[in-house]
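Trainee: Sequence and predicted model, in that order:
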Amino acid sequence: MAETRKCQYCGITVPIGHQRPKTWLEKHEKNCARNPNNKEE
Ligand SMILES: [Zn+2]
């Protein structure tokens, strides 16, 4: 089953053919500029 993985904050999708899409996405979401946990002061 095809599964589309994308950032829940900004909607960016994992690069096609990436070997570790889950890891990539988790890392991205932690650093996503739209992640409310990433408050810059
Ligand atoms: Zn994002």
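Mentor: Thanks, I have the structure now.

Trainee: contacts, neighbours, all on C-alpha from now
Mentor: Fine.

Trainee: Name the residues of the protein found near the ion, please.
Mentor: When proximity is defined by Cα under 5 Å from the ion, the chain lies next to the ion at 7, 9-10, 32.

Trainee: swap the cut-off to 6 Å and go again
Mentor: Contact residues (Cα under 6 Å from the ion) of the chain with the ion: 7, 9-12, 29, 32.

Trainee: shaky segments in this protein?
Mentor: Within the chain, the ranges that satisfy pLDDT under 70 run 1-4, 40-41.

Trainee: export the residues of the chain next to the ion to a markdown table and tack on neighbour count, secondary structure and distance to T23?
Mentor: As requested, the residues of the chain next to the ion are arranged in a markdown table below (neighbours: other Cα atoms under 10 Å; DSSP: H, G, I helix; E, B strand; the rest coil; distance: Cα to Cα, whole Å):
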| residue | neighbour count | secondary structure | distance to T23 |
| --- | --- | --- | --- |
| C7 | 17 | coil | 12 |
| Y9 | 13 | coil | 16 |
| C10 | 12 | coil | 17 |
| G11 | 11 | coil | 16 |
| I12 | 14 | coil | 14 |
| E29 | 21 | helix | 10 |
| C32 | 18 | coil | 14 |
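
Trainee: Good, we can wrap up now.
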